[in-house]
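>>> give the three-dimensional model of this entry:
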Amino acid sequence: MPQLDVVYALLTFIWAWSTLVVMMIKIRTIMLNKELEKKPMTNDQPGLIWNLPWT
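Purely as a prediction, here's the structure:
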């Protein structure tokens, strides 16, 4: 049945992209945490700035 092939391909595509996005967010969070540990935040500095590719 060709419909099942299309559904399987679509689910695989969605799973792969969602996995990549989650990994990217985890890596970015780890990198931001390491940067924050290096220099403590003072009251003059602004909060976290998220440079997201889709904004």
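>>> for the record, mean pLDDT for stretch 17-33?
For stretch 17-33, mean pLDDT rounds to 92.
>>> mind starting the numbering at 42 from now?
With the count now opening at 42, the last piece we talked about shows up as stretch 58-74.
>>> next one: that stretch to chain centre, how far?
Between the centre of stretch 58-74 and the centre of its host chain there is 4 Å, according to Cα atoms, centre = their mean, to the nearest Å.
>>> buried ones in that stretch, by neighbour count?
The neighbour-count check on stretch 58-74 (16 or more other Cβ atoms under 10 Å) flags nothing as buried. C-beta here means a position set from N, CA and C on the backbone, and glycine is covered the same way.
>>> check which helix or strand covers the residue most central in space within the chain.
Nearest to the mean C-alpha position of the chain, by Cα atoms, centre = their mean, lies I66 at 2.4 Å. Following DSSP states H and E, one finds I66 within helix 43-79.
>>> how far off centre is that helix?
Helix 43-79 has its average C-alpha position 7 Å from the chain's average C-alpha position, going by Cα atoms, centre = their mean.
>>> do the same with stretch 72-80
Here the centre of stretch 72-80 is set off from its chain's centre by 17 Å, with Cα atoms, centre = their mean.
>>> hey, C-alpha coordinates of that stretch in PDB?
This file holds the C-alpha atoms of stretch 72-80, laid out as PDB (Å, rounded to 0.1, in the frame of the first residue of the first chain):
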ATOM      1  CA  MET A  72      27.400  26.400  25.700                       C
ATOM      2  CA  LEU A  73      25.400  29.200  27.300                       C
ATOM      3  CA  ASN A  74      25.900  27.600  30.700                       C
ATOM      4  CA  LYS A  75      29.600  27.400  30.200                       C
ATOM      5  CA  GLU A  76      29.800  31.000  29.200                       C
ATOM      6  CA  LEU A  77      27.800  32.100  32.300                       C
ATOM      7  CA  GLU A  78      30.100  30.100  34.500                       C
ATOM      8  CA  LYS A  79      33.200  32.000  33.100                       C
ATOM      9  CA  LYS A  80      31.900  35.500  33.900                       C
END
